[in-house]
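**Q** Generate coordinates for the sequence data below:
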Amino acid sequence: MPKITLIGAGSGFTQPLLTDILNIEGLEDGVINLVDIDAKRLEVNVKLMRHILCLMGKKKWEIAASTNRRDIMSGTDYLISVIEVSGVPCVRFDNDIPLKYGIDQCVGDTIGPGGIMKALRTLPSFLDIMQDAQRYCPNALVMNYTNPMSIITLGAARISNQSLIGLCHSVQGNSRQIADILGVPYEELEWQCGGINHMAWFTKLNWHGQDMYPRLRYRASCTDVIKVLPIRADLLKNLGYFSTESCGHFSEYVPYYRKRKDLLKRYGLDKSSGSYASSWPTVRKMSDKHRKDMATGKCSIPLTRSFEYAADIIEAHIFDRKKVIYASVKNTCLIPNLPQTGVVEVATLVDKRGYMPVYFGDLPEQCAALCRSNMSVFELCVEGILKNNREAVIHAMMLDPLSAAVCSLGEIRTMAEELFAAEKDYIPKWCARPQNVVAPMTVSPLTNFVRTFQVSKPLSRIKLVDFEYPDDKSVLDFTERTFESGFTNIRNELRKAGSAIMLFMCHIKCLTSMKLQAKMGYDGPVKMWLDSKELFNDPNGTNPAGIDKGKVIFVVGKGKHEVLLALDSNMGYAEGIRLRFERLDISKHEEIKGIMPNKLPTFVEENFERAIESVSPMAARRLEKKNHSQQ
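**A** Have a look, this model is predicted:
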């Protein structure tokens, strides 16, 4: 009777992974251990799994649950980790701070500044899990689904000899996509794939003995494929091979696509900027609700088996039914022209003996070079975390291909210090120690975009030039709005209102008097007041709304100040407002050596229920300290 322990079991992984396992032919009984430090989310998935056992008629299966893994992991045969550490409170930092330096991320959880910060939060927790596994279940097969996959797997492999692999769904998903493009049955397509997670390469494609790469390259030149897969089509055209990650996510791993706005637009990536940071908190809430609905029978539950590998591994190991999966494993000369100290993604045979990675051979050199550039980032990040070496972590960011394509070394160091300070309550103390925010001459002492506005209801249209600062703001019905990728978006409201204006209000707090420049982005006529005094009026506006197109210089004294902006709806076609501030009266010494956070204005958030006080620069943000949460 197998014992399966899922850590991070309050997540959306629980239902599909365990449903797959329950579908294994001949596996009629076992023990499912569910572990999560979030008791409420854990309780929902316990109810959901009991409901699934009932629906599938699996009466001999047992379920145990705990918020402390050590209570129930003893004797585990299969340990599956799907943890997330502080993802929701930090996801905006991971995206927004690098964006300030021009590093435009799409997902930012496996590579780049966002991926490195996620590793700082996640790898120490996973290493603790591996140490507990060595003590309580040393014979367990360990499967890690948590990103950043390569960094987590590499770090764990450095401290443990336990059977461990990293699992993803990119190879099996993209091999099916190739079959669809070629128009051949998936079961009849023969292929070979290897590289690193999210950058493995299909080097052979055969169907009935025929090389299908010429046909794939032809199809990649067709408009219908280019429209859907612009990056993959470009890779095939220029590098000759198809890779294993979505266009948006893959573009973060290389220096070619996300360094200029024209390139983002050309390859259809402009709408992917910050997509994960913008969507993840909402998606997580929606998925939590969906699991509650499934657990209570309000909606149907998918009970068929997916193509995730966890169930294949368990089936192959228990019943000796040989399976070939693709996994991240130590590179024991599996791909000779990639670093032998790293982790690679290759075919892996599983049977009653466990995991047996299969020799792949050399990658085409152009593909290997791109993999090596990322493996250097993984190596430095792991070295930094295992040796408490913050310089190694900063060097990892400096070698990140996208960051290096956009920023100088000094700018990347500045960004790293801001990230460390912003997430100081979530990363190891040795990395979070306070530092000056270095502001080289190439980096202005800018605040980040204001995170939350108080926004009024649409007002009847009048000439904005005649609109005065409203004495009675109580009739304006101000409500809180949070930025979407640095932009307060009210498109839907303004389109409903048609010809109207909208007011935006925020507050800044200054610990001393200072000379500031407000930098605004907007796409309609706009007017700005500071403490009831009109400072700026642009009767034409800019379309589209560009960052920092509107600028106004002013001096403020010590204390709290109210900033009010009025935006004309532009006949209902306006979308919203961006706003941040630059301090102008800083010394040459501060420009070169750095400016302390308290010398910049602080954004005062009106709603403290979210337990976050928005402070700029982001290095000075103060967050309510919370325990690490798991996905």
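
**Q** Can you list the buried residues in the strand or helix carrying His51?
**A** Per DSSP states H and E: His51 is located in helix 39-56. Going by neighbour count (16 or more other Cβ atoms under 10 Å), the buried part of helix 39-56 is Arg41, Leu42, Glu43, Val44, Asn45, Val46, Lys47, Leu48, Met49, His51, Ile52, Leu53. Placement of C-beta: from N, CA and C, glycine included.

**Q** for the third one, what are its contacts?
**A** Read that as Glu43. Contacts for Glu43 (Cβ atoms under 8 Å, 6 or more residues apart in numbering) come out as Ala65.

**Q** Can you tell me how far it is from Ser221?
**A** Using Cβ to Cβ, to the nearest Å, we find Glu43 at a distance of 53 Å from Ser221.

**Q** Just the C-alphas of the helix holding His51, formatted as PDB.
**A** Extracted as PDB, the C-alpha positions of helix 39-56 are listed here (Å, rounded to 0.1, in the frame of the first residue of the first chain):
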ATOM      1  CA  ALA A  39      -4.900  25.400   7.400                       C
ATOM      2  CA  LYS A  40      -7.900  26.800   5.600                       C
ATOM      3  CA  ARG A  41      -6.700  26.000   2.100                       C
ATOM      4  CA  LEU A  42      -5.600  22.600   3.400                       C
ATOM      5  CA  GLU A  43      -9.100  21.900   4.800                       C
ATOM      6  CA  VAL A  44     -10.700  22.700   1.400                       C
ATOM      7  CA  ASN A  45      -8.500  20.200  -0.400                       C
ATOM      8  CA  VAL A  46      -9.000  17.500   2.200                       C
ATOM      9  CA  LYS A  47     -12.800  17.800   1.600                       C
ATOM     10  CA  LEU A  48     -12.200  17.900  -2.100                       C
ATOM     11  CA  MET A  49     -10.100  14.700  -2.100                       C
ATOM     12  CA  ARG A  50     -12.600  12.900   0.100                       C
ATOM     13  CA  HIS A  51     -15.300  13.900  -2.400                       C
ATOM     14  CA  ILE A  52     -13.200  12.600  -5.300                       C
ATOM     15  CA  LEU A  53     -12.600   9.300  -3.500                       C
ATOM     16  CA  CYS A  54     -16.300   8.900  -3.100                       C
ATOM     17  CA  LEU A  55     -17.000   9.800  -6.700                       C
ATOM     18  CA  MET A  56     -14.400   7.300  -8.000                       C
END
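
**Q** That helix: how far from the chain's middle?
**A** Relative to its chain's centre, helix 39-56 lies at 27 Å (Cα atoms, centre = their mean, to the nearest Å).

**Q** Buried residues of the helix or strand just after it, list them for me.
**A** Remark: after helix 39-56, the chain's next helix or strand is strand 61-66, criterion DSSP H and E. For strand 61-66, the neighbour count (16+ other Cβ under 10 Å) marks Trp61, Ile63, Ala65, Ser66 as buried.

**Q** Pick the one among the residues you listed closest to Leu79.
**A** Ser66 (14.2 Å; Cβ to Cβ).

**Q** Quick check: closest non-adjacent residue to that closest one.
**A** Ile72 (4.9 Å; Cβ to Cβ, 6 or more residues apart in numbering).

**Q** and the longest helix along the chain, how far out from the chain's middle?
**A** Determined from DSSP state H, the single longest helix within the chain is helix 112-136. In this view, helix 112-136 has its centroid 16 Å away from the chain centroid, taken as Cα atoms, centre = their mean.

**Q** and if you look at stretch 50-68?
**A** Per Cα atoms, centre = their mean, the centroid offset for stretch 50-68 relative to its chain is 32 Å.

**Q** what residues does it touch?
**A** Contacts for stretch 50-68 (Cβ under 8 Å, 6+ apart): 9, 15, 18-19, 22, 28-39, 42-43, 46, 49, 72, 294-295, 297, 301, 303.

**Q** Span of it from start to end?
**A** Across stretch 50-68, the terminal residues are separated by 20 Å (Cα to Cα, to the nearest Å).

**Q** hmm, back to that, run the angle between the helix holding His51 and strand 61-66 for me.
**A** Relative orientation of helix 39-56 versus strand 61-66 (axes from the mean of the first three to the mean of the last three Cα atoms, to 10 degrees): 180 degrees.

**Q** taking the mean pLDDT, what do you get for helix 39-56?
**A** The pLDDT scores in helix 39-56 average 96.
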